[in-house]
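Visitor: take a look and give me a structure for this.
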Amino acid sequence: SIDAKGNFGKITTHAEHMSLTFDGRADSLELRAAGVATARIRVQQLPISLISIRARHMATSISLPKGATAAYEINAPFKVFEKGVPSANPGDTTIRLQGDTVVGSASNE
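Guide: This next block holds a predicted model:
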């Protein structure tokens with residue numbers, strides 16, 4: 001379980017199962033879990049180049065600042081993901097999600 005608030009460079013994690021709450025600014029977030037990952041990510045300030053989550057099963061809520069755009073790369077046999085952040089290629093942030101099951105949303109706050 002990780003609760004991170006503040007300003008960071010690159011954040012990288014590897015775990016069997018993971019629960020992350022992030023509120024702040026980071027250069028990038030790269031999360032890997034062999035099993036289940038839950039992530040509540042609230043980015044308060046750009047730039048953040050990459051938000052990457054790789055887990056067998058994941059549930060995530062991603063919030064980017066108002067006006068931000070995203071390039072989406074979602075690779076999952078089963079996915080229910082609401083793309084509320086406008087798509088752009090390249091976007092301000094790449095949102096890369098990979099697993100067997102991906103459930104969640106991205107929004108502008």
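Visitor: in this protein, which residue is closest to the centre?
Guide: The geometric centre of the chain, computed from its C-alpha atoms, lies nearest to Ile51 (Cα atoms, centre = their mean), at 4.3 Å.
Visitor: what kind of secondary structure is it in?
Guide: Three-state call for Ile51 (DSSP: H, G, I helix; E, B strand; the rest coil): strand.
Visitor: give me the beta-bridge partners of it?
Guide: Counting by DSSP bridges, Ile51 is bridged to Leu29, Ile95.
Visitor: that one against Ile62, yeah?
Guide: Yes - assessed by Cβ atoms under 8 Å, Ile51 is found in contact with Ile62 at 6.1 Å. Every C-beta, even on glycine, is put in place using the N, C-alpha and C of the backbone.
Visitor: so what sits against both of those two?
Guide: Ile41, Val43, Ile95 (Cβ atoms under 8 Å, 6 or more residues apart in numbering).
Visitor: most distant residue from the middle of the chain?
Guide: Of all residues in the chain (Cα atoms, centre = their mean), Pro77 lies farthest out, 18.2 Å.
Visitor: contacting residues around Asn73?
Guide: Not quite, residue 73 is Glu, not Asn. Thr94, Ile95, Arg96, Leu97, Gln98.
Visitor: repeat the analysis, applying 7 Å as the threshold.
Guide: By Cβ atoms under 7 Å, 6 or more residues apart in numbering, the contact set of Glu73 is Thr94, Arg96.
Visitor: mind listing what's buried along the strand or helix carrying it?
Guide: Secondary structure assignment for Glu73, by DSSP states H and E: strand 70-75. Neighbour counts over strand 70-75 (16 or more other Cβ atoms under 10 Å) mark Ala70, Ala71, Tyr72 as buried.
Visitor: okay, the residues you listed in a markdown table with pLDDT next?
Guide: As requested, the buried residues of strand 70-75 are exported to a markdown table (pLDDT from 0 to 100):
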| residue | pLDDT |
| --- | --- |
| Ala70 | 97 |
| Ala71 | 97 |
| Tyr72 | 97 |
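Visitor: now the residue farthest from the centre of the chain: phi and psi?
Guide: phi -60, psi -40 (degrees, to the nearest 10).
Visitor: which residue ranges of the chain form strands?
Guide: All strands of the chain, identified by DSSP state E, fall at 2-15, 18-43, 50-64, 70-75, 78-83, 93-98, 101-108.
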